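K.L.:
Quick one: sequence plus predicted model below, questions after.
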Amino acid sequence: MVLTIRSLLRTLRTSVVATLPLVAEQPVTFQAAGPYELYGEGSFGSSVFAGLDFELNDAEGRVVPMHRVLFRTVVRSFSGVRLQLRTFTIPRDGTFTLRVLGAAHATERERLIIGIPARARIIAHVLALVMLGIITIGSLVATILLIVQPTLQH
């Protein structure tokens, strides 16, 4: 179970491509083409990401379509929360410009995270943890019954 938890934490860490401040405009370099996800990270209860829109342009100014997420991935930790905001596909590697439209008053705690999709791996880890928990509890109950049962027969 410990190995699965460590693997889950490693999956979450390695899925992060870039951590960015929440500012109106900034360059972002992608090392590879492919699918990506945009997350907002901040403190619990923060409404700084509500109503924001995002635009991503390549070096020639062409817009990279960003799609809203119907079922958002939410990662909670002791220090805050990470909420999936958009998905998009980068057609080729290079430097792009990320614009935040309607940028609110962000603090140092609020930032943007760009990552590779990890939802399927997160779900697999959570299911594995649930199954390992069931096996652990079942093993404990069986062990207790084996210990207690002979004493009840005497």
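P.N.:
Sure thing, it's come through. What you see is a predicted model; the values in this text were computed from it and never measured. Residues are numbered from 1 along each chain as shown.

K.L.:
Tell me what Ile113 is bridged to.
P.N.:
Going by DSSP bridges, Ile113 is paired in beta bridges with Thr19, Tyr39.

K.L.:
quick one: contacts for the closest residue to Asn57 other than its chain neighbours?
P.N.:
Nearest residue to Asn57 in three dimensions, chain neighbours excluded: Thr97, at 4.8 Å (C-beta to C-beta, 6 or more residues apart in numbering). C-beta here means a position set from N, CA and C on the backbone, and glycine is covered the same way. Applying C-beta atoms under 8 Å, 6 or more residues apart in numbering to Thr97 gives the contacts 25-28, 56-57.

K.L.:
Please repeat the previous calculation with a cut-off of 7 Å.
P.N.:
Taking C-beta atoms under 7 Å, 6 or more residues apart in numbering, we find Thr97 in contact with 25, 27, 57.

K.L.:
Stretch 31-48 spans what distance, first to last residue?
P.N.:
This stretch, stretch 31-48, spans 29 Å end to end (C-alpha to C-alpha, to the nearest Å).

K.L.:
No further questions, thank you.
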